[in-house]
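based on what follows, work out the 3D shape:
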Amino acid sequence: MRCCNVYESEHMMNIMGETLRPGGFELTDRAVKFCKFSGRDVLLDIGCGMGSTVNHLFEKYNIKAVGLDPSEKLIKIGKSKYRNMELVCGRGEKIPFEDSSFNGAFAECTLSLMGDLNVAIKEASRVVERDGWLVINDVYAKKPEFLKEMCKFSINSCMRGLHDLKLLQESLVENGFKIIHLEDCSDMLKTLMVNIVFSYGSMSVFWNKTAKCSIDGCEFGEAIRKCRPGYFMLVAKKGE
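Alright, predicted model coming up:
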């Protein structure tokens, strides 16, 4: 069965806005200040979607960023909307840039979508310079013992790839990063879920619509509930 990419769905775009993630640009802005990014830096947005963050970084901070996303549909939309931004079609597991090309990288609600998380983190480490930053905002399972139940669903959604935070941190350290900041931001995810239920009546209806009924929305929602999803912000620095 072909894996459904819910981020290409109009329902996902309508409920999440142009950033396609909880909280919009709030955590992006906090990360810019935390890492002291400036117009001297060149950043990579891994899983840029339509390129809204790439444009935001330039418009608000005069920071040059390059966007990378595997969805030809989203890249095409982004290129027509942000004509002066550099948006590239490609995967986080095989980043098409040379070693140490960037001062930092963002992966906002996107590492949970990777087919091989360890390879994606290794690639991020490769293209980020020494003392460079990696910013991760993403979903995680507060009860990771139930994550194995998510494997049966064929859907490209961050909820399908909820992180086990312990394993994520271990992979970051193994690939040359030091965890500098880790913060729970689950209220942002709760707010998003409330908005979805208000707009669609239930989470199961929303999942059925975004996935075009390629999965059972009730069954998927129940599996998510067991994992007790949360949302986090993590900032890591390479080479310390």
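
distance of the nearest residue to residue 187 once chain neighbours are set aside from residue 8?
Counting by C-beta to C-beta, 6 or more residues apart in numbering, residue 187 lies nearest to residue 231, which is 8.0 Å off, once chain neighbours are set aside. (Each C-beta comes from the backbone N, C-alpha and C, glycine too.) Separation of residue 231 from residue 8 (C-beta to C-beta, to the nearest Å): 22 Å.

now residue 180
Computed as C-beta to C-beta, the residue 180 to residue 8 distance reads 34 Å.

circling back: higher neighbour count, residue 231 and residue 8?
Between residue 231 and residue 8, counted using other C-beta atoms under 10 Å, residue 231 has the larger neighbour count: 24 against 17.

in contact with the more buried one, which residues?
With contacts defined as C-beta atoms under 8 Å, 6 or more residues apart in numbering, residue 231 is in contact with 22, 23, 137, 138, 139, 140, 184, 185, 186, 187, 188, 189.

the third one belongs to a helix, doesn't it?
No. With the criterion set as DSSP: H, G, I helix; E, B strand; the rest coil, the secondary structure at residue 137 is strand rather than a helix.

burial count for it?
As a burial measure, residue 137 scores 26 neighbours (other C-beta under 10 Å).

now swap in the first one and tell me
Using other C-beta under 10 Å as the criterion, residue 22 is surrounded by 25 other residues.

name the SS class of it, please.
With three-state DSSP as the basis, residue 22 sits in coil.

wait, it touches residue 189, no?
Yes. The criterion here is C-beta atoms under 8 Å, and residue 22 meets it with residue 189 at 5.1 Å.

returning to what we had before: could the contacts of residue 231 go into TSV alongside pLDDT and distance to residue 64?
Output for those, formatted as TSV (pLDDT from 0 to 100; distance: C-beta to C-beta, whole Å):
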residue	pLDDT	distance to residue 64
22	91	26
23	92	24
137	97	21
138	97	24
139	97	28
140	97	30
184	98	31
185	97	27
186	97	32
187	97	32
188	96	27
189	94	30
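
contacts for the longest helix anywhere in the chain?
Criterion DSSP state H: the longest helix present in the chain is helix 186-200. With C-beta under 8 Å, 6+ apart as the test, helix 186-200 has contacts from 11, 14-16, 22-23, 26-27, 139, 203, 206, 209, 229-232.

may I see the buried residues of it?
By neighbour count with 16 or more other C-beta atoms under 10 Å, helix 186-200 contains the buried residues 186, 188, 189, 192, 196, 200.

and if you look at stretch 38-45?
So for stretch 38-45, counting by 16+ other C-beta under 10 Å, buried means 41, 43, 44, 45.

how close does the residue of the chain most remote from its centre sit to residue 9?
The C-alpha centroid of the chain is most remote from residue 201, which lies 25.7 Å away (C-alpha atoms, centre = their mean). Distance of residue 201 to residue 9, computed by C-beta to C-beta: 17 Å.

likewise residue 108?
Counting by C-beta to C-beta, the gap from residue 108 to residue 9 is 18 Å.

more neighbours, the two?
Taking other C-beta under 10 Å, residue 108 and residue 9 do not tie; residue 108 has more neighbours (26 against 17).

where's residue 14, which helix or strand?
helix 10-16 (DSSP states H and E).

one step back: now, which of the contacts of helix 186-200 sits nearest residue 168?
Residue 168 lies nearest to residue 232 out of these, by C-beta to C-beta, at 9.2 Å.

now render the contacts of residue 231 as a markdown table, adding distance to residue 236.
Shown next, in a markdown table, are the contacts of residue 231 (distance: C-beta to C-beta, whole Å):
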| residue | distance to residue 236 |
| --- | --- |
| 22 | 20 |
| 23 | 19 |
| 137 | 12 |
| 138 | 13 |
| 139 | 17 |
| 140 | 15 |
| 184 | 16 |
| 185 | 16 |
| 186 | 20 |
| 187 | 23 |
| 188 | 20 |
| 189 | 21 |
